[in-house]
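Colleague: Provided below are the primary sequence and the corresponding predicted coordinates.
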Amino acid sequence: MGVLGDLAIHKLDLMRFLLDDDFVEVNAMADTLVKTFPDGERISVEDNAICVLRTAKGAMGTVITSWTYQVEENKTMIYGDKGVLSIYSDPEFPLILQHDHETGAFFRLGKKSTNIEQVKSGIIDAFVDALRNNKEVPIPGLEGYKALEAVIACQKSAGTGDRVQIDSDAH
């Protein structure tokens, strides 16, 4: 896998968590547009992908990932019937909950991880602690599986050009 397995999986996992919902349908396009091996031959995995997804509760959205953006961009926008949630779209207020054009809540957060500077989230530390101390892991493996399942469906859709259904009852 290329950019879908590298970047999209994290965004899909985040969206599942924030929406508290599973993906049930995807339609995706992916291609190798820029990245090449040193000899000039294009790499064998996608470097750009655009995915349109639908959840079990009916939410629809897009996830766009790229290894070729000249400026790293990692924002998340959720548009709902009561407002918009913006994550990392504003440098001063990384979390904004906007109810309408005039009202909202603005929050400052800690640093975000980038390709240049990785910031510890605590997730790996909590996982290691659970293993060392024979405790239940904080995030079950099924959560990662469901994000991977959506990535695989996106890759399949991009390869066939068809919408792909995800059977969320299969696990």
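Modeller: Received it, and whenever you're ready, just let me know what you need. Numbers count the residues shown, from 1 in each chain.
Colleague: all contacts plus neighbour counts: C-alpha atoms, from now on.
Modeller: Will do.
Colleague: what packs against the longest helix along the chain?
Modeller: As assigned by DSSP state H, the longest helix anywhere in the chain is helix 141-160. For helix 141-160, the packing partners by 3 or more Cα pairs under 8 Å, 6 or more residues apart in numbering; DSSP states H and E come out as helix 9-19, strand 23-31, strand 164-165.
Colleague: mind redoing it with 10 Å?
Modeller: Applying 3 or more Cα pairs under 10 Å, 6 or more residues apart in numbering; DSSP states H and E, we find helix 141-160 packed against helix 9-19, strand 23-31, strand 48-55, strand 164-165.
Colleague: If you count neighbours, what's buried in that helix?
Modeller: By 16 or more other Cα atoms under 10 Å, the buried positions in helix 141-160 come out as 146-158.
Colleague: Let's check: the centremost residue of this structure is which one?
Modeller: The centroid of the chain falls nearest to residue 11 when counting by Cα atoms, centre = their mean (0.9 Å).
Colleague: so where's the chain uncertain?
Modeller: Within the chain, the stretches with pLDDT under 70 are 115, 168-171.
Colleague: which one in it is furthest away from the centre?
Modeller: The chain, Cα atoms, centre = their mean, max distance from centroid: residue 39 (31.6 Å).
Colleague: I'd assumed that one was in a helix, is it?
Modeller: No. Looking at residue 39 with DSSP: H, G, I helix; E, B strand; the rest coil, it is coil, so not inside a helix.
Colleague: so what's it up against?
Modeller: If a contact means Cα atoms under 10 Å, 6 or more residues apart in numbering, then residue 39 has no contacts.
Colleague: Am I right that residue 8 is in contact with residue 53?
Modeller: No. Look at residue 8 against residue 53 with Cα atoms under 10 Å: they stay out of range, at 12.0 Å.
Colleague: Need the overlap of contacts for those two.
Modeller: Shared contacts of residue 8 and residue 53, defined by Cα under 10 Å, 6+ apart, are found at 63, 150, 154.
Colleague: and the gap between the last one and residue 16?
Modeller: Applying Cα to Cα, to the nearest Å, one obtains 15 Å for the distance of residue 154 from residue 16.
Colleague: before we move on, what about the first one?
Modeller: Counting by Cα to Cα, the gap between residue 63 and residue 16 amounts to 12 Å.
Colleague: go on, the second one?
Modeller: Spatial separation of residue 150 from residue 16 under the definition Cα to Cα is 10 Å.
Colleague: before we move on, back to that, wait, which of the shared contacts of residue 8 and residue 53 is closest to residue 82?
Modeller: Residue 82 has its nearest neighbour among these in residue 63, at 21.4 Å by Cα to Cα.
Colleague: Spell out the secondary structure type for the closest one.
Modeller: The three-state label for residue 63, taken from three-state DSSP, comes out as strand.
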